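Colleague: Pasting a predicted model and its sequence here:
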Amino acid sequence: MSHPLPVRIVGSAGQAIVDAAEWWVSNRPKAPDTFAIELERAIQILASQPLIGSQARNVKLAGVRRLHLPRVRYYLYYRVISHPEVVEILALWHTSRGISPNLL
């Protein structure tokens, strides 16, 4: 890949990101920026290396991958769309949840 791909966040993932960011700032006073920093880093990685995540299992939607954000213990579920070429973030999911997000 020669150039970074655009990254699009779907509505429900966007809301989950906003909720997680607000929770993090309110509940992690010693590191309030950690979530935002990790998310931005992950988005940059996905834009330049979209196949870096592992294939997601137990999801119905084809082609879904996930990237682990270890410092904040979340997964970003995403897929790469061909036409136009874009990385689409589908869900933000905390690792403590025992199941995968419902992606249709």
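Modeller: Structure's in. What do you need?
Colleague: residue ranges of the strands in the protein, please?
Modeller: Remark: strands assigned in the chain by DSSP state E are 7-9, 54-55, 65-69, 74-81, 86-94.
Colleague: and the helix or strand of the chain with the lowest mean pLDDT, which strands flank it?
Modeller: Every helix and strand of the chain was ranked by mean pLDDT, DSSP states H and E. The lowest is strand 54-55, at a mean of 92. Strand pairing for strand 54-55, using DSSP bridges, gives strand 65-69 (antiparallel).
Colleague: Pull the residues that contact the strand it pairs with.
Modeller: In this structure, residues lying in contact with strand 65-69 by Cβ atoms under 8 Å, 6 or more residues apart in numbering are 38-39, 42, 45-46, 51-56, 74-80, 93, 95. Any C-beta I mention is one placed from the backbone N, CA and C, and that applies to glycine too.
Colleague: hey, which helix is longest across the protein?
Modeller: Identified as the longest helix of the chain according to DSSP state H is helix 11-27.
Colleague: the inter-axis angle of that one versus strand 86-94?
Modeller: Orientation check (axes from the mean of the first three to the mean of the last three Cα atoms, to 10 degrees): helix 11-27 against strand 86-94 gives 50 degrees.
Colleague: And helix 11-27, how far out from the chain middle?
Modeller: Put simply, helix 11-27 sits 12 Å off its chain's centre (Cα atoms, centre = their mean, to the nearest Å).
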